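A.B. asks: Would you be able to build a 3D model of this:
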Amino acid sequence: MNRPDRQHPEPVSVELERIRGVLSSRRPFDLTIDNFRPSAVLVPLQFIDGRPHLVFTQRSGEVENHKHQVSFPGGAIEPDEGPLQCALRETEEEIGVDPRHVSVLGRLDEIFTITNYTITPFVGVLPHPYEFQANPFEIAEVFDVSIEHLLRPEICRVEMTEAPWGAFPIYYYETDRYTIWGATARILTQFLRLAYGKQVQDNTLDPPGA
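C.D. replies: As a prediction, this is how the structure comes out:
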């Protein structure tokens, strides 16, 4: 897929249908790993002045895990809900987005984390402007980054690290104020590769027993 010319962006409706088509044309990869807790996140897409942006959160210092890190809204799946329900519920709880205001475009591949979670990511479009209501216990800030910035090759780097099951890449994206890395950066890389043809080292990781 050729990357769209960000100097001359596609009409919003065309871009949305293109992304929806890309996601619906493939079967997302599912993980089956014993003793990993399932979770889900929303990858929120907004169009600001006709140009696509992704919405991120910075976690607070009060949460148990991943203090101050950049993430997509999401969390652990409860026994009585599915992955999409979880992603939408957590997005409402964390940043105050009504699930009725989310237009879901599709799903990405599941990934796993070194903290023994599996994550099912969903891509959804939010209206703009939107008055986010961050839960102060969980979220310190809600912010957006343009796709145009995230596609710049100079702001992304990849470092290899070792795990019990072998070497794997860690992605880092630099914004004006934050570094996006870890599981969020892996999900981001997958989305940019599928939706915008970003050329970067494959981020498919094979966990033990997958």
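A.B. asks: tell me which element the residue nearest the centre of the chain falls in.
C.D. replies: For the chain, the residue nearest the mean C-alpha position is Val43 (4.1 Å; C-alpha atoms, centre = their mean). Val43 is part of strand 37-48, with elements assigned from DSSP states H and E.
A.B. asks: list the buried ones in that strand?
C.D. replies: Of the residues in strand 37-48, Pro38, Ser39, Ala40, Val41, Leu42, Val43, Pro44, Leu45, Gln46, Phe47 count as buried by neighbour count, 16 or more other C-beta atoms under 10 Å. All C-beta atoms are positioned from the backbone trio N, CA, C, and that covers glycine.
A.B. asks: Same check on stretch 98-112?
C.D. replies: For stretch 98-112, the neighbour count (16+ other C-beta under 10 Å) marks Val102, Val104, Leu105, Gly106, Arg107, Leu108, Asp109, Glu110, Ile111, Phe112 as buried.
A.B. asks: returning to what we had before: list the contacts for the residue nearest to the centre of the chain?
C.D. replies: Leu54, Phe72, Leu108, Pro121, Phe122, Val123, Gly124, Ile187, Leu188, Phe191 (C-beta atoms under 8 Å, 6 or more residues apart in numbering).
A.B. asks: can I get these in TSV with pLDDT and secondary structure?
C.D. replies: Putting the contacts of Val43 into TSV (pLDDT from 0 to 100; DSSP: H, G, I helix; E, B strand; the rest coil) gives the following:
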residue	pLDDT	secondary structure
Leu54	98	strand
Phe72	98	coil
Leu108	97	coil
Pro121	98	strand
Phe122	98	strand
Val123	98	strand
Gly124	98	strand
Ile187	97	helix
Leu188	97	helix
Phe191	97	helix
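A.B. asks: Among these, which one lies nearest to Ala140?
C.D. replies: Closest approach to Ala140 among the contacts of Val43 (C-beta to C-beta): Phe72, at 14.8 Å.
A.B. asks: wouldn't the closest one be in contact with Gly182 here?
C.D. replies: No - with contact defined as C-beta atoms under 8 Å, Phe72 and Gly182 do not form a contacting pair (11.2 Å).
A.B. asks: Comparing those two, which shows the higher neighbour count?
C.D. replies: Higher neighbour count among Phe72 and Gly182: Phe72, with 27 against 18, using other C-beta atoms under 10 Å.
A.B. asks: wait, what's in contact with Ile19?
C.D. replies: Ile19 makes contact with Leu45, Leu105, Gly106, Val123, Ala195, according to C-beta under 8 Å, 6+ apart.
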